[in-house]
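J.: Could you look at this predicted model? Sequence included:
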Amino acid sequence: MGGNTQAAHDDDLCFTPATVLATALRDKKLSPVELMRAILDRIDRVNPKINAFVTLIGEQALAAASVAERQFSSTPSAEVDPLCGLPVTVKDMTLTAGVRTTFGSRHFANYIPTEDGLIWARLKARGAILLGKTTTPEFGNHSVTESPLTGITSNPWDISRTTGGSSGGAAAAVAAGMGPLATGSDGGGSIRVPASYCGVVGLKASLGRIPLIRKGSAFDTVTVEGPITRTVADTAMILSAVAGPHPYDPYSLLETDVDYVGLLRGASVRGLPVAFSPDLGNPPIERNVAAALARAADVFDHVLGARVEQIDINLPDPMEYFAKWWGPYIVLELDDQALSGGGDRTDCHPAFLSFADRARGMTAVEHARTEMYERERIHHAFADVFLRHDLLLMPTTPSVAFPHPGPEGGPAEVAGKRVAEPVLDNQRCTEAISHAGYPAVTVPCGFTDEGLPVGLQIAGPHGADAAILRAAAAFEEAMPWADRRPAL
């Protein structure tokens, strides 16, 4: 009986928001070692069902927690950073000095980098503690989280279902209480889709808000890194620590030392013009998702006092655009692997190989036309929305988490209609806003009768990261979700 009571108490700690944990640590009502032990115990009990970690560094994390404990004992609370002593997981696409980084690939199974990726370097400098590296499909090239190296990562709400991808391990770990804070990466939905499927918060910030420094990607204008957490305030806490310019990112935004947590105080959307698109002009959307989104829009309108207007938006076909934009990059990645002795095509999903094969037949002019004209069309479509509205509400995914996929990589049908590319359909509602460069955050907006989370995506104009987080915080206050836990 006592053991069960202790486990329940520790689990309460594991599901406590990071902002609350930070206050308890500073007030010395909780020790970093106690917190770390509770989370490591939770991982030991729960991760075998989920498979969210590639690498777990429990002993190192406990040692770092002991160092943090001494810092709390010897330093005035006001001088200790809010992130000090808080456990963080990092997606296995981000470098971590001295800790294995595999990119989800068997060909990098034993790779130990000597430097940190910038997002982790900034968190570490604030005193955050690395728990381990979370699962990803190989090189992030899949919309579900499974790879020949790590196997399948399961959804905490129903382990027979996917987490989505490619930051599936990060979202699953947060949802399952295996660490309050996580980082992921997102080039077309890879933070937002898993966050939506797992019932947590996922932020794709404005291009340049969180600098990205990776070999060969200095001029990447799509991919970003960012936080995955259980609450909006926790996301704001990470953003406060990692935002700010860096010379190596030519697109990095210049604002420094922004307190995004402070900006959430008194969050309101009252009187704001807010657009609502039920399907981004690219149906179908599952009925249970559409119903949850309609309720969320109604909350913004009738509870929060925004002026919500349903709109039409005209975007390119998302699957056709994906093939023409990302295909050449997939080819480049495959060729680079071959040149480096990194193996063959066997680890790449057949659907992505077909994109690569198609891309090899593209001319440079075709790709340039996609980059110049199709992408401009995407940008202008959203810009037209934001000329008249402060925010845009839209689905994060067309359906809730689906059963672990077979050879097609995803469900062949959504709402009874055949989808063009099952392997990519779960990113149909997230891809376009990434290529526009605008910020978007996904938050839970309800659960289906089966107990599966539904995600609402809130987007805003370029640079309006604080505005979308304030809107998300206002919605969270009206429809809280963080007290609901998966029954693992």
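T.: Yes, it's here.
J.: Which residue ranges of the stretch 251-400 of the chain form strands?
T.: 273-276, 307-310, 391-395 (DSSP state E, counting those that start in this stretch).
J.: Now the ones you listed in CSV, please, with extra columns for mean pLDDT, mean neighbour count and distance to A61.
T.: Backbone N, C-alpha and C define where each C-beta goes, glycine included. Listed next are the strands of the stretch 251-400 of the chain as CSV, based on pLDDT from 0 to 100; neighbours: other C-beta atoms under 10 Å; distance: least, C-beta to C-beta, whole Å:
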stretch, mean pLDDT, mean neighbour count, distance to A61
strand 273-276, 98, 20, 42
strand 307-310, 98, 16, 44
strand 391-395, 98, 25, 37
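J.: Please identify which of the ones you listed is closest to G327.
T.: strand 391-395 (25.3 Å; C-beta to C-beta).
J.: Now do the helices in the stretch 51-200 of the chain.
T.: Along the stretch 51-200 of the chain, the stretches classed as helices by DSSP state H, counting those that start in this stretch are 58-74, 118-125, 168-175, 192-198.
J.: re earlier: which one of the strands of the stretch 251-400 of the chain lies closest to D257?
T.: Here strand 391-395 is closest among those (C-beta to C-beta), at 25.3 Å.
J.: still on that earlier bit, let's have the helices of the stretch 51-200 of the chain in TSV, adding distance to T363, mean pLDDT and mean neighbour count.
T.: Shown next, in TSV, are the helices of the stretch 51-200 of the chain (distance: least, C-beta to C-beta, whole Å; pLDDT from 0 to 100; neighbours: other C-beta atoms under 10 Å):
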stretch	distance to T363	mean pLDDT	mean neighbour count
helix 58-74	50	97	16
helix 118-125	35	98	20
helix 168-175	35	98	35
helix 192-198	31	98	36
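J.: Including distance to R470, could those go into JSON lines?
T.: Shown next, in JSON lines, are the helices of the stretch 51-200 of the chain (distance: least, C-beta to C-beta, whole Å):
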{"stretch": "helix 58-74", "distance to R470": "31"}
{"stretch": "helix 118-125", "distance to R470": "23"}
{"stretch": "helix 168-175", "distance to R470": "22"}
{"stretch": "helix 192-198", "distance to R470": "18"}
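J.: Dump the strands of the stretch 251-400 of the chain to CSV, plus distance to R428.
T.: Listed next are the strands of the stretch 251-400 of the chain as CSV, based on distance: least, C-beta to C-beta, whole Å:
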stretch, distance to R428
strand 273-276, 17
strand 307-310, 19
strand 391-395, 9
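J.: Between the helices of the stretch 51-200 of the chain, which one is closest to S105.
T.: Among the helices of the stretch 51-200 of the chain, helix 168-175 sits nearest to S105 (C-beta to C-beta), with 14.4 Å.
J.: ok, A128 - contacts?
T.: Counting by C-beta atoms under 8 Å, 6 or more residues apart in numbering, A128 touches 83-84, 86-88, 181, 241.
J.: all helices in the stretch 251-400 of the chain, in order from the N-terminus.
T.: Under DSSP H, counting those that start in this stretch, the stretch 251-400 of the chain gives helices at 287-298, 318-339, 350-360, 364-369, 375-388.
J.: Alpha carbons of the last one, as PDB, please.
T.: Right, helix 375-388. Extracted in PDB, the C-alpha atoms of helix 375-388 (Å, rounded to 0.1, in the frame of the first residue of the first chain):
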ATOM      1  CA  ARG A 375       5.800  29.300 -52.200                       C
ATOM      2  CA  GLU A 376       5.000  32.900 -52.900                       C
ATOM      3  CA  ARG A 377       1.300  31.800 -53.400                       C
ATOM      4  CA  ILE A 378       1.400  30.100 -50.000                       C
ATOM      5  CA  HIS A 379       2.900  33.200 -48.300                       C
ATOM      6  CA  HIS A 380       0.400  35.600 -49.900                       C
ATOM      7  CA  ALA A 381      -2.600  33.400 -49.000                       C
ATOM      8  CA  PHE A 382      -1.700  33.600 -45.300                       C
ATOM      9  CA  ALA A 383      -0.700  37.300 -45.600                       C
ATOM     10  CA  ASP A 384      -4.100  38.100 -47.000                       C
ATOM     11  CA  VAL A 385      -5.600  36.500 -43.900                       C
ATOM     12  CA  PHE A 386      -3.400  38.500 -41.600                       C
ATOM     13  CA  LEU A 387      -4.100  41.700 -43.300                       C
ATOM     14  CA  ARG A 388      -7.600  41.400 -41.900                       C
END
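J.: and that helix, how far out from the chain's middle?
T.: Taking C-alpha atoms, centre = their mean, to the nearest Å, one finds the center of helix 375-388 at 23 Å from the center of the full chain.
J.: Roughly how far does I57 sit from L334?
T.: Distance from I57 to L334, counting by C-beta to C-beta, to the nearest Å: 31 Å.
J.: Fine, thanks again, bye for now.
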